[in-house]
Structure formats: structure tokens, C-alpha cells
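Peer 1: Structure for this input, please:
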Amino acid sequence: MTMATASERRAGAPRVLLALRAPFSGRTWRAFLYLLTNLPVAVALFAYATTLCALSAGLLVTVAGIPVFAAGLAGARGLGAMERARARALLGVTVAAPPPVRAAGGGVVRWTGALLRDGSSWRQLLCCFLRFPWAVAAFVLTVTYWALGWSLLLYPLWRWTFPRYLGQPGIEVWNPDTAPGTFSGYVETPPEIALAAAVGLLLVLALPRVTYALTVPDRALVRVLLGPWPGAAPGPGTGAGPGAAPAPHGGAPETVRSPALREGPEHRES
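Peer 2: Numbering: from 1, shown residues only. Sure, this is the predicted structure:
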């Protein structure tokens, strides 16, 4: 009985250490950086897409509207390459580039027609629209959760700022004038401070999983809209295949050639 208990403790120790180390791991902070940069990037992509559509629609009365839109689709492909690189660097998601646009012969007309017929260019323009609403929501949720977790965990260290600068004994949970009782409405006593720090610790320990979960929609958008569809040959220089670079959080890369592939080794904490 004693030997089994000791063995169970030795087996459980690494998991505890991994759980304590996970909020400070590079993988967690890279995902956090991805979610933070998502908002300005999504705003820029949305502004690009809306400006392109509005400008092209305004120029449809002339011949210039169609080639301007085709040039915008080419620009969307470049933005898609930037987003694949950002996902690869910060999330460890390696998605092959779609096949290049090939026009039969030269000339602006053939090049415009090839771009307008290219489904991957339209999908990358669509990604500029779809990324924006989720980026706003994910940014708000990420900043709120991280700020709440770390501020509660470190509350014993910065509680002194309330009586010195704010004229109140601690965090106000509710207005003591509207809800009189044994609890003053402030987190001020040692047990209350310890409870707040304990809640913060739980939030911080869950922080890696929450942060990773908030990146799932972005991973899906990158796979479905920015890569080649099933059956299409990937573009050159994608880094896909056996020689793909390792994921930034360690382990094998999450190489995706089609949206049907499932999550890879990034489920392991590093």
C-alpha cells in the first residue's frame, strides 16, 4: 500500500509541475501574443477588404473596376501568406499555400480572368471579412481573463494601493451602503484576501487551456480559407511535408494540407 502510494506520487509530480509551469510556457505566451495582435491585424484586413469592394463597385461603371478588383484579390493572397506565417510562428500551425494563379498566356485580360476564376483568392478575401468579428470578441475575452486572473493572484501584493490612493480598504465587490451585513463589501480581511488569491490561482492555472481555446476559430479559418482545398496541389515554398519546421512550442509541427485533418501534437503542454 505504501509503495503504491509513493509510486503514484512520483507519477503525479510531473503533471503538477507541468500545470504550474504551463502559464509561463512559451506556447501560452505566443498564443496570447497572437490573440493580442489579432485585433489590429483584423482591423487592417477588414479595412482592406471593404475598401477594395467599395472601390471596385464604384469603378464598375468603367472598365477599370474589374482589373482593380482582380488586383485586390492578388493583394488578398499576399495578406493570406502573411497570416499563414503568423499562425506558423505563434500557433505552430503549418498550412500549405494554395497553388499559384496561372494565366494561359500573357496580358492583363487573361491575368484578370485567371484571378477572378481562382477560388483560393476569393477565400482569402472572405477571410478578411470573417476574421474581424471574432478578433474583437477574442481580444476582449483574452484581455479580461488575463487581467482578472493575474490581478487576483497578485492581489496581496498590490492591495496597499487602495487605502493609499483610492481611499477604500480593498476591491469593492458591492456597495456596502446598498447591501449592509457582516461582509463590508470590500476584499480587505486576510481570509478574504487569501480567497481572492486562491481564485486567481485557479484562473491562472486554467489560463493556457482558455487561451488555446480562443485560438481554435482562428486555426479553423487559417486551415479552411487560407490553404489549398482537398485535392489541390500546394504552392511552392510552403514548408509542408516531411521537411516542415518544428512547431514553436516544441514537438512535431501541425502540418495541414486539408481542413479535414485534426489537431496534432500541440495538445501537449510545453
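
Peer 1: name the helices or strands packed onto the helix ranked longest in the chain?
Peer 2: Longest helix in the chain, counting residues (DSSP state H): helix 119-153. Applying 3 or more Cβ pairs under 8 Å, 6 or more residues apart in numbering; DSSP states H and E, we find helix 119-153 packed against helix 26-58, helix 65-91, helix 190-205, helix 207-214, helix 216-226. For every residue, glycine as well, the C-beta is placed using N, CA and C.

Peer 1: Alpha carbons of the very next helix or strand once past it, as PDB, please.
Peer 2: Using DSSP states H and E, the helix or strand that follows helix 119-153 in sequence is helix 155-158. Output of helix 155-158 as PDB, limited to C-alpha atoms (Å, rounded to 0.1, in the frame of the first residue of the first chain):
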ATOM      1  CA  TYR A 155      -3.800  40.900  -5.100                       C
ATOM      2  CA  PRO A 156      -1.900  40.500  -1.700                       C
ATOM      3  CA  LEU A 157       1.000  42.400  -3.300                       C
ATOM      4  CA  TRP A 158      -0.900  45.400  -4.600                       C
END
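
Peer 1: what's in contact with helix 155-158?
Peer 2: With contacts defined as Cβ atoms under 8 Å, 6 or more residues apart in numbering, helix 155-158 is touched by 151, 171, 187, 193-194, 196-197, 200.

Peer 1: Now find how far off-centre stretch 190-209 is within its chain.
Peer 2: 24 Å (Cα atoms, centre = their mean, to the nearest Å).

Peer 1: Which residues belonging to it are considered buried?
Peer 2: Judged by neighbour count (16 or more other Cβ atoms under 10 Å), stretch 190-209 contains these buried residues: 192-193, 196-197, 200, 203-204, 206-208.
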